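Undergrad: sequence first, predicted model second:
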Amino acid sequence: ILNVEQSPQSLHVQEGDSTNFTCSFPSSNFYALHWYRWETAKSPEALFVMTLNGDEKKKGRISATLNTKEGYSYLYIKGSQPEDSATYLCAQGGGYQKVTFGIGTKLQVIP
Amino acid sequence: SAVISQKPSRDICQRGTSLTIQCQVDSQVTMMFWYRQQPGQSLTLIATANQGSEATYESGFVIDKFPISRPNLTFSTLTVSNMSPEDSSIYLCSVPGQANYGYTFGSGTRLTVV
């Protein structure tokens, strides 16, 4: 993996369903893995920043895991709500490293 | 975390003209970043703006096309010069957060070049 890759690029789920997305990144020279939520016409909002292999973070119904050795992170949303509709970005880097973003996963939660 | 005010929020411009985008931060920050997201692409770093020195541009971006000013620790501008339709993008400014808090972004400038 040379770049930050996200899958799927778009996703439609029914309200109440749980869902997850994947972020893959180069495992060498790892600094930190970021997840952002970007709603239309708003600023990207930081959800999590994870630095340690095996890290798990949770914010309400949203959680994320990190595997730095194999270079992937999962974002989980439990019981999706229409207000969860947004593009979810992951990014690697920070500190004095450039932060490199994936293309994002666009989630649409259908009421 | 910092709060960033970015202007304009959107604009439609004629090709060959220039647009200047402003970002005002409510606290002093050393580094500010300018990003671009072209349709269907990822957020891409244009340059890093440091107060008191010239901006550092990423590969593929040049000062003549994207001049940046950073007159103090709370303000920066990005100019998109001699625009073409390929410059139609969302432009975002960003500042680093405290450790483990991620980056704070402006609300973006949605630029359409016709």
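TA: Perfect, I can see it now. Numbers count the residues shown, from 1 in each chain, chains lettered A, B, ... in the order given.
Undergrad: any idea how far the residue nearest in space to the middle of chain B lies from chain A?
TA: Central residue of chain B (Cα atoms, centre = their mean): residue B:34, 3.4 Å from the mean position. The gap separating residue B:34 from chain A is 12 Å, by Cβ to the nearest Cβ, to the nearest Å. Quick note: C-beta positions are derived from backbone N, CA and C, even for glycine.
Undergrad: correct me if wrong: that residue contacts residue B:43.
TA: No - Residue B:34 lies out of contact with residue B:43 (Cβ atoms under 8 Å); the separation is 10.7 Å.
Undergrad: bridging residues for residue B:24?
TA: Residue B:24 has the following beta-bridge partners by DSSP bridges: residue B:5, residue B:75.
Undergrad: and it, how close does it get to chain A?
TA: Counting by Cβ to the nearest Cβ, the separation of residue B:24 from chain A is 14 Å.
Undergrad: now do that residue against residue A:56, distance only.
TA: According to Cβ to Cβ, to the nearest Å, residue B:24 stands 37 Å off from residue A:56.
Undergrad: can you check residue A:14 too?
TA: On the measure of Cβ to Cβ, residue A:14 and residue A:56 end up 26 Å apart.
Undergrad: need the residues touching each of residue B:34 and residue B:43.
TA: residue B:92 (Cβ atoms under 8 Å, 6 or more residues apart in numbering or on different chains).
Undergrad: ok, residue A:14 and residue A:56, which is more surrounded?
TA: With neighbours defined as other Cβ atoms under 10 Å in any protein chain shown, residue A:14 and residue A:56 compare such that residue A:56 has more, 13 against 10.
Undergrad: beta partners of that one?
TA: Beta-bridge partners recorded for residue A:56 (DSSP bridges): residue A:65.
Undergrad: how far away is it from residue B:66?
TA: Applying Cβ to Cβ, the value for residue A:56 to residue B:66 is 39 Å.
Undergrad: for residue A:61, same thing?
TA: From residue A:61 across to residue B:66, the span is 39 Å (Cβ to Cβ).
Undergrad: who in chain B is up against chain A?
TA: Contact residues (Cβ under 8 Å from any Cβ of the partner chain) of chain B with chain A: B:1, B:4, B:9, B:33, B:35, B:40-45, B:58, B:92, B:96-97, B:100-108.
Undergrad: which residues does residue B:70 contact?
TA: Contact analysis of residue B:70 by Cβ under 8 Å, 6+ apart lists B:32, B:49-52, B:55, B:76.
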